[in-house]
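S.K.: Sequence first, predicted model second:
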Amino acid sequence: MLGASELTTVAAVREQRSYVCTVRDNYGERDEVIVVPCEDGDAAVRAWINRCTHEAQRFDTGRGVAMRDGQMICPKHGSMFDACSGDCDNGEAAGTTLPGVEVAVEDGTVYLADEDYTFVHEGTIADDDGDDGPSSTSHIGF
């Protein structure tokens, strides 16, 4: 796909539950994008900024997004976001929607197609503080 960065494949997203990469926005700030499977119509995958709307908690810290029944689960408080719409109707983040990132799928390959972001590298933004993920206060069991 001309002018778009190749990220991954739909098959890899489905097998691994998610894909995470680091991007740079139009202001030069780094952020993380997650690509998750979606069963809504023709959409095979959807992409979102890798942060819960409640406390900016990362869904994927490099180990994949926790998902249940087509919903992404915030690992800190258990709010569940629809993987296709980004909407949350429960928990601390109820009534919010994740910021979307435009991706395109061509021949099973997923491309970053959002003009507001530039691909930097696969994986999360490097944490130098030794943070190994959230401490969970979730009522959801896995």
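M.R.: Great, that's in hand. Everything numeric in this text was worked out from a predicted model, so none of it was measured.
S.K.: Going by C-alpha atoms from here, please, whenever you check contacts or count neighbours.
M.R.: Fine.
S.K.: How about the contacts made by the most centrally placed residue in the chain?
M.R.: Centroid-nearest residue in the chain: I34, 2.4 Å away (criterion: CA atoms, centre = their mean). Contacts of I34 were listed using CA atoms under 8 Å, 6 or more residues apart in numbering, and they are 18-21, 47-50, 60.
S.K.: Settle this for me: I73 is touching A83, isn't it.
M.R.: No - here I73 does not reach A83: they are 9.6 Å apart, not a contact under CA atoms under 8 Å.
S.K.: distance of V33 from N90?
M.R.: Distance, V33 to N90, by CA to CA, to the nearest Å: 22 Å.
S.K.: Of the two, which one has the most company?
M.R.: Higher neighbour count among V33 and N90: V33, with 26 against 13, using other CA atoms under 10 Å.
S.K.: Report the beta-bridge partner residues of that one.
M.R.: Beta-bridge partners recorded for V33 (DSSP bridges): C21, I49.
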